[in-house]
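Visitor: below is the structure, and that's it, no one-letter string:
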């Protein structure tokens, strides 16, 4: 993959994220610090990188897409904070670091999540896209609200909760992944395309790619929960099996799961063929995600 | 007060709220039900009624303001759900009914709050205002994000948490109320004015009124915590004193608190003088809020 471009995107995103959480203007900045902490403990920044590349590949301005990319990362980060809370997954570690509620307390982690979600929509409303093309910005807000909402990512959390400690069939697992992980990755495609005033064919190619890598991503996650290295992953191995959770590995076996990940990746590559040589970066990224070890 | 108009507003708001939570499209509708439950257990609907009246008084279309009013009520409702959670105020009752987490479980209450907050921004993005005046809709989203965010309502929660079990001075109490209660009431003024393309003078008059009644509202709340009727209020009396919480009553005494509520109400009335006879509804509402018993 074009690492230089990837690193360039990362640098744009991280610099901008740092400035998008406003200064606290009333003295008690613990929630501001909690928001910044959770944004800073990193993660792969896959979603915002995708927003920038989808925008570029559709002929848009990467600079203009940065705020939308950051808004999406804020929504992803809020979901991790709330997902780690004791009443949800009760995870003490996030990417090898203390999770937000362990570091700042449960009440402030709750509010930090709320704060990031609230801020994300304001970031899009105040972006340069809003000034150039207000209707596109409103469509971006609408897409983010829908895909992060109760028929999108939050719906995925519900399916996850209802089926924990249950051996759910593969149809349920697919709904779960389409909503819980897939929705925000699809959102990355929509935000990038909206920023580039992309036409329908471009948008469908980007969404097709996003849906396939979103699915592949989750299959690989399940594989890594069995084969991964605890230190590299920054979280305990085997937790899915321990919780009697259905996974692609428990339902299909390890080999078939690897085959599924590979064939989903192939489909993602075909979808991006529409862009010819310009698609190299996204193709390399899909392959890299399949081969990742954390 | 013009009760007919108030009831007309209530009916518009309640009917629309009922349709704005989408149907669940994947089978597990517990969060959808939790969102609808918390919206339906009522409350006074002060904020959305204010949006509609601010819009009307500035010459705008009430019908167009309904979606913005509902979005604001969704944000208010999410904040109550999260505020009642065990890690926050741990309240089992809300308006005399089981709070969301008591009825649906903590994890689903968390997600119902997240869902309402997420949906609110989508409602504005898809409103008829968005089609008529996209920039005004973006300004409404920006205002809601700011005033509900970590330097607004969430900031107020932080000041509240930091100062619980502490005898905070009146300056802190004023910051707390300006953020925790005041921010969303100010937001009602901004949303109504944006919907009506109000000029600066109109907007300042509405904001002035909103700030004063927001402050008065909280003073009256503290008074009712001492003098109110438990059954009518739908929550226990004396809980502030029990928690060693500073209140206007504990800092100023009951009589001076009543005087403060009265003088804030007077200031709200003067601010609305700008609108002449058209201001009657808002003036009556301010007086009614001061004299309320629940």
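Guide: Perfect, thanks for sending it. All figures in this text were calculated on a predicted structure; none of them were measured in a lab.
Visitor: so residue A:198: helix, strand or coil?
Guide: Of the three states, residue A:198 takes coil under DSSP: H, G, I helix; E, B strand; the rest coil.
Visitor: so it sits right up against residue A:136, yeah?
Guide: No: with contact defined as CB atoms under 8 Å, residue A:198 does not reach residue A:136; the gap is 10.1 Å. (C-beta placed from N, C-alpha, C; glycine too.)
Visitor: does chain B sit close to the helix or strand where residue A:38 lies?
Guide: Take DSSP states H and E as the rule and residue A:38 turns out to sit in helix A:30-40. Yes: using CB under 8 Å from any CB of the partner chain, helix A:30-40 reaches chain B at A:30, A:31, A:32, A:35.
Visitor: which SS state does residue A:168 fall under?
Guide: Secondary structure state of residue A:168, per three-state DSSP, is coil.
Visitor: look up phi and psi at it.
Guide: When read as degrees, to the nearest 10, the backbone of residue A:168 gives phi -80, psi 150.
Visitor: where's the nearest residue in space to it that is not next to it in sequence relative to residue A:177, distance?
Guide: The spatial neighbour of residue A:168 that comes closest, neighbours along the chain excluded (CB to CB, 6 or more residues apart in numbering or on different chains), is residue A:246 at 4.3 Å. Using CB to CB, to the nearest Å, residue A:246 is found at 11 Å from residue A:177.
Visitor: low-confidence ranges in chain A?
Guide: A:1, A:230-243 (pLDDT under 70).
Visitor: nearest the geometric middle of it, what residue?
Guide: Residue closest to the average C-alpha location in chain A (CA atoms, centre = their mean): residue A:47, at 4.6 Å.
Visitor: that one contacts residue A:72, correct?
Guide: Yes: with contacts counted by CB under 8 Å, residue A:47 reaches residue A:72, the gap being 5.0 Å.
Visitor: now do the shared contacts for these two.
Guide: A:184, A:187, A:188 (CB atoms under 8 Å, 6 or more residues apart in numbering or on different chains).
Visitor: which of those are buried?
Guide: Neighbour-count burial (16 or more other CB atoms under 10 Å in any protein chain shown) applied to the shared contacts of residue A:47 and residue A:72 gives A:184, A:187, A:188.
Visitor: what's the spacing between the helix or strand hosting residue A:270 and its chain's center?
Guide: Taking DSSP H and E as the definition, one finds residue A:270 inside helix A:254-272. On the basis of CA atoms, centre = their mean, to the nearest Å, helix A:254-272 sits 19 Å off its chain's mean C-alpha point.
Visitor: ok, stretch A:125-140 next?
Guide: 22 Å.
Visitor: that one close to chain B?
Guide: Yes: Stretch A:125-140 lies within reach of chain B by CB under 8 Å from any CB, at A:125, A:126, A:130, A:134, A:135, A:137, A:138, A:139.
Visitor: of those, which is the most crowded?
Guide: Sorting those by how many neighbours each has (other CB atoms under 10 Å in any protein chain shown) puts residue A:125 first, at 30 neighbours.
Visitor: for that residue, what are phi and psi?
Guide: Dihedral angles for residue A:125 - degrees, to the nearest 10 - are phi -60, psi -30.
Visitor: do the same with the one 4 residues further on
Guide: Its backbone dihedrals place residue A:129 at phi -60, psi -40, with angles given as degrees, to the nearest 10.
Visitor: count the neighbours of it for me.
Guide: 26.
Visitor: tell me if I'm right that it and residue A:137 touch.
Guide: Yes: assessed by CB under 8 Å, residue A:129 is found in contact with residue A:137 at 4.8 Å.
Visitor: quick revisit: surely the residue nearest to residue A:168 is in contact with residue A:160?
Guide: No: at 10.6 Å, residue A:246 does not count as touching residue A:160 under the criterion of CB under 8 Å.
Visitor: and the residue nearest to residue A:168, helix, strand or coil?
Guide: Once three-state DSSP is applied, residue A:246 turns out coil.
Visitor: what's near enough to touch it?
Guide: A:163, A:166, A:167, A:168, A:169, A:170, A:172, A:173.
Visitor: for it, give its distance to residue A:163.
Guide: Distance from residue A:246 to residue A:163, by CB to CB: 7 Å.
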